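Q: this is the structure alone, sequence omitted:
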């Protein structure tokens, strides 16, 4: 079972991943981040796969969610009106996995 965590390089996203590692193998966790290159702190010590996950890029989200069984959506920090659209993008992309 593959679990994707969005906003993985933020404080909440990285804390969620650290907690998931207590119950799941690193190979079962995928970190999604707007800037995957910033996630060396996840890939180097844990070996977690990092994929691009920009909430504004639907095609990228759909590609990055391939092979994922569950998505943990961490709220974005953008303004509320934009945040709603961003969350919708993630949710609609995740629904296509089913």
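A: Arrived safely. Quick caveat, the model's predicted, so the values are computed rather than measured.

Q: what ranges do the helices span in this protein?
A: 11-20, 40-46, 58-64, 80-95 (DSSP state H).

Q: buried set for the second one?
A: In this case it means helix 40-46. 42, 46 (16 or more other C-beta atoms under 10 Å). C-betas here are computed from N, CA, C, even on glycine.

Q: for that helix, name the packing helices and strands.
A: For helix 40-46, the packing partners by 3 or more C-beta pairs under 8 Å, 6 or more residues apart in numbering; DSSP states H and E come out as helix 11-20, strand 49-52.

Q: for that helix, give me every contacting residue.
A: Around helix 40-46, the neighbours that count as contacts under C-beta atoms under 8 Å, 6 or more residues apart in numbering are 8-9, 14, 17, 21, 26, 31, 48-50.

Q: how about 6 Å then?
A: The contact list for helix 40-46 (C-beta atoms under 6 Å, 6 or more residues apart in numbering) reads 26, 31, 48, 50.

Q: separation between the residue nearest to residue 12 when sequence neighbours are not counted and residue 16?
A: Nearest residue to residue 12 in three dimensions, chain neighbours excluded: residue 74, at 5.3 Å (C-beta to C-beta, 6 or more residues apart in numbering). Residue 74 sits 7 Å away from residue 16, going by C-beta to C-beta, to the nearest Å.

Q: do the same with residue 32
A: Counting by C-beta to C-beta, the gap from residue 32 to residue 16 is 12 Å.

Q: neighbour count winner among these two?
A: Taking neighbours as other C-beta atoms under 10 Å, residue 32 and residue 16 compare with residue 32 leading, 30 against 20.

Q: residues in contact with the more buried one?
A: 4, 6, 8, 51, 53, 64.

Q: residue 65 now?
A: By C-beta under 6 Å, 6+ apart, residue 65 lies in contact with 93-94, 97.

Q: which of these has the most neighbours?
A: Neighbour-wise, the contacts of residue 65 (other C-beta under 10 Å) top out at residue 93, 23 neighbours.

Q: could you dump the helices and strands packed on helix 40-46 into JSON lines and include distance to residue 83 and mean pLDDT?
A: JSON lines is the format used below for those (distance: least, C-beta to C-beta, whole Å; pLDDT from 0 to 100):
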{"stretch": "helix 11-20", "distance to residue 83": "14", "mean pLDDT": "93"}
{"stretch": "strand 49-52", "distance to residue 83": "19", "mean pLDDT": "93"}
